[in-house]
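Novice: here is a sequence together with a model predicted from it:
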Amino acid sequence: MPVNSLSGSLSTAVYFASMLLLLFVLAAPVRTAYQEANLRAAQQVASGVATQIDDLSPGMESSLSLQQSPGVAVSLHLEGSNVTAVVGGESANAQVRWNMADVTLEAGHTYTVTIESVGGDGVRPDDAAASYDGVVEIEA
């Protein structure tokens with residue numbers, strides 16, 4: 001085997017070995033950065049939706065639409081006063097002042113959120129303050 005060929009093969013082998021080592025070293029920080037980005041996105045979604053719901057008054061309605069990036073699943077779960085957003089497997093919670101129905105919202109649909117009186121006209125027989133619930137419906 002000529003020396004040129006041996007030298008070329010050796011330098012190629014060293015190059016690929018160093019690239020694999022670099023890939024191994026960088027894999028953990030890249031994975032951590034990806035997970036932290038998804039967590040921050042989940043915090044932003046949960047906080048934004050909670051703020052939008054909290055800004056509603058009884059009788060008002062608002063439209064919610066979740067968007068997603070290719071390869072990253074996004075969902076939102078409303079239950080009681082808790083809003084849980086899940087982005088790429090990372091979740092974050094936020095609180096709302098209205099009692100929301102137990103529902104999961106998926107990306108790609110538009111939802112209408114309304115705040116409605118519980119028990120008809122909003123006045124309870126015991127003269128206590130009226131209570132209200134959040135209602136979520138899929139728009140047609």
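Specialist: Arrived safely, thanks for sending.

Novice: which element follows the one helix or strand residue 48 maps to toward the C-terminus?
Specialist: Per DSSP states H and E: residue 48 is located in helix 3-54. Using DSSP H and E, the helix or strand that follows helix 3-54 towards the C-terminus is strand 61-65.

Novice: just the C-alphas of that following strand, formatted as PDB.
Specialist: Only the C-alpha atoms of strand 61-65 are listed here, as PDB (Å, rounded to 0.1, in the frame of the first residue of the first chain):
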ATOM      1  CA  GLU A  61     -66.400  35.300  25.000                       C
ATOM      2  CA  SER A  62     -62.900  34.800  23.600                       C
ATOM      3  CA  SER A  63     -61.400  32.700  20.800                       C
ATOM      4  CA  LEU A  64     -58.500  30.400  21.400                       C
ATOM      5  CA  SER A  65     -56.400  28.700  18.700                       C
END
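
Novice: relative to helix 3-54, how tilted is it?
Specialist: Counting by axes from the mean of the first three to the mean of the last three Cα atoms, to 10 degrees, strand 61-65 lies at 170 degrees to helix 3-54.

Novice: list the buried residues for strand 61-65?
Specialist: residue 64 (16 or more other Cβ atoms under 10 Å). The way it works is simple: take the backbone N, C-alpha and C, and place the C-beta from them, glycine included.
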